[in-house]
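Enquirer: Below are the sequence and a predicted model for it; my questions follow.
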Amino acid sequence: MSKTRNSDNEGTKTSLAIRKFSSKPILVIFFILINVVVIAATATAEFGNSENAAELSEVKINWWLLIPAALCFVIAITCEIHKYVIMMREMSCRKDFDHKYARKVARRTVLLGKYYDSITPAAIGGQPFQIYYMHKNGRLPSGLATTIPIIGMVSGQLGFLIIAALCFLFGSLTIDNAALIATACFGLLFYAFWPVIIMIATFLPEGAKELINLIVKGLAKIHLVKDKEKAIGKIEYEVDEYAKSVRKILKTKGLFLRAIGLSVAFNVLISMIPFFVLTAFGGEMDFLPCFVTTVAVTAAVYFVPTPGNAGAAEGTFFVVFSALSQGYVFWAMLVWRFFSYYIYIMMGPIIYLKMHLEKKRKEKVLNEKNTQRAS
């Protein structure tokens, strides 16, 4: 999960990188090639052992069922982008609010945030970049440029927690895998840690401090924390920053609830994709068991600190795709992994290239204007 304490340092590093990419075309091309290598290396590591995979020419796919899978992804991303747009609109309170520009900023904030989450361990890179990017391009006061990405993250996690709680309360009986549910519940403890602490800190700050002290002391006893006082101070600082952001957005009536609602929609749609991929490859599994299993697996691999949960995600999601014949599993999981991971890595360099071209066009227009003035 992204942290705010080092966001300025991360933002500075990202700033330098973006300046280099924007100024030299060769670096943009080199950046794209690096991402191609990353995708190829990750795919080889995840799916290299494909001896049992059927020949692609022999695989029978109901292609039309991949259309709803693609639509789920597009609508989910649209919901996430709209969440950022409404936060920018409602919190800026500007009468001359530029919806078109805000939508472009929100789209790049979301997609590049997902990109950095996908290429950094434990998804630590997304939020610092989002904060930096909104500071530079969002035309927002400094405080809001920091607050909006934080609220985007908190609302996203709360949205998933709501879905997971409902699935485990009412849908867990649809799947016969007690070990998966147990592991998922353990993963949800990691997923829920920051949102729960932040909510307590927002409304009961003293209670949050006592809870943090209790947790850190427990971790210190089992030697997972070396410097207890330093850890407590760091966590209290971060929680306080998050709580300030929540209190700020709560001043706008209903905005936080709308953000959570859009996050619920995002997570529901993303969790529906495996069902359509599975059925496209001829798998027979009812929607509810597939959906609940997907949510459980997503929760179960959350605490794995690899980029995009690589390694653990494929092994655990085999629970979903095992309904297919062995030769089809490889191709189905590859398609699912495209929608859940590879597409974000592909979008990153595309957006950077577009940003580079936009800058060159602006420089060209400016040079033409200067030439006209000089003549």
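Expert: Thanks, I have the structure now. Numbers count the residues shown, from 1 in each chain.
Enquirer: where in the stretch 1-150 of the chain is pLDDT low?
Expert: 1-59, 93-96, 121-125, 138 (pLDDT under 70).
Enquirer: please redo it, this time with the cut-off set to 90
Expert: 1-65, 88-102, 112-150 (pLDDT under 90).
Enquirer: Show me the helices in it, by range?
Expert: With helices called from DSSP state H, counting those that start in this stretch, the stretch 1-150 of the chain shows them at 7-23, 25-47, 66-92, 99-119, 126-137, 142-170.
Enquirer: Report the distance from the longest one to the chain centre.
Expert: So that's helix 142-170. Distance of helix 142-170 from the chain centroid (CA atoms, centre = their mean, to the nearest Å) equals 11 Å.
Enquirer: Show me what that helix packs onto, helices and strands only.
Expert: Under the contact criterion of 3 or more CB pairs under 8 Å, 6 or more residues apart in numbering; DSSP states H and E, helix 142-170 touches helix 66-92, helix 99-119, helix 126-137, helix 178-203, helix 228-250, helix 255-280, helix 287-300. (C-beta placed from N, C-alpha, C; glycine too.)
Enquirer: If you count contacts, what does the helix or strand hosting residue 354 end up packed against?
Expert: Per DSSP states H and E: residue 354 is located in helix 343-374. If you count contacts as 3+ CB pairs under 8 Å, 6+ apart, helix 343-374 packs onto helix 7-23, helix 25-47, helix 99-119.
Enquirer: how near is residue 284 to residue 278?
Expert: 9 Å (CB to CB, to the nearest Å).
Enquirer: Neighbour count: the two, which is higher?
Expert: The neighbour count for residue 284 versus residue 278, taken as other CB atoms under 10 Å, is higher for residue 278 (26 against 8).
Enquirer: How much space separates residue 100 from residue 85?
Expert: Remark: distance between residue 100 and residue 85 (CB to CB) = 10 Å.
Enquirer: More neighbours: those two, which one.
Expert: Neighbours were counted for residue 100 and for residue 85 using other CB under 10 Å; residue 85 has more, 19 against 7.
Enquirer: Skipping adjacent residues, who's closest to that one in space?
Expert: Once flanking residues are discounted, residue 85 sits nearest to residue 106: 4.7 Å by CB to CB, 6 or more residues apart in numbering.
Enquirer: who touches that neighbour in this structure?
Expert: Residue 106 sits next to 81, 82, 84, 85, 88 when contact means CB atoms under 8 Å, 6 or more residues apart in numbering.
Enquirer: and with 6 Å instead?
Expert: 81, 84, 85 (CB atoms under 6 Å, 6 or more residues apart in numbering).
Enquirer: Please apply the same query to residue 270.
Expert: Contacts of residue 270 by CB under 6 Å, 6+ apart are residue 76.
Enquirer: now the residue nearest to residue 85: how far from residue 339?
Expert: For residue 106 relative to residue 339 (CB to CB), the value is 21 Å.
Enquirer: same question, residue 188
Expert: Counting by CB to CB - residue 188 and residue 339 are separated by 23 Å.
Enquirer: what's the answer for residue 365, then?
Expert: From residue 365 to residue 339 the distance is 38 Å (CB to CB).
Enquirer: Repeat that for residue 120.
Expert: For residue 120, the distance to residue 339 - CB to CB - is 20 Å.
Enquirer: And for residue 192?
Expert: Residue 192 is 25 Å from residue 339, by CB to CB.
Enquirer: Ok, residue 237 next?
Expert: Per CB to CB, residue 237 is found 37 Å from residue 339.
Enquirer: who's more crowded, these two?
Expert: Here residue 237 and residue 339 are compared on neighbour count by other CB under 10 Å; more neighbours surround residue 339, at 20 against 11.
Enquirer: who touches the more buried one in this structure?
Expert: Residue 339 is in contact with 73, 273, counting by CB under 6 Å, 6+ apart.
Enquirer: contacting residues around residue 134?
Expert: By CB under 6 Å, 6+ apart, residue 134 lies in contact with 109, 145.
Enquirer: residues near residue 366, how many?
Expert: Residues lying near residue 366 (other CB under 10 Å) number 10.
Enquirer: contacting residues around stretch 147-155?
Expert: With CB under 6 Å, 6+ apart, stretch 147-155 has contacts from 87, 127, 130, 131, 195, 242, 245, 248, 249, 259, 260, 263.
Enquirer: so how far is residue 188 from residue 374?
Expert: Taken as CB to CB, the span from residue 374 to residue 188 is 64 Å.
Enquirer: Of these two, which one has the most company?
Expert: Neighbours were counted for residue 374 and for residue 188 using other CB under 10 Å; residue 188 has more, 22 against 6.
Enquirer: wait, the more buried one sits on residue 299?
Expert: Yes. Residue 188 is within contact range of residue 299, at 5.0 Å (criterion: CB atoms under 6 Å).
Enquirer: What values do phi and psi take at residue 226?
Expert: For residue 226, the backbone dihedrals (degrees, to the nearest 10) come out as phi -90, psi -50.
Enquirer: Spatially, what comes nearest to it if we skip its sequence neighbours?
Expert: Of all residues not flanking residue 226 in the chain, residue 220 sits nearest, at 7.9 Å (CB to CB, 6+ apart).
Enquirer: Which element, helix or strand, includes the one you found?
Expert: Assigned by DSSP H and E, residue 220 belongs to helix 205-221.
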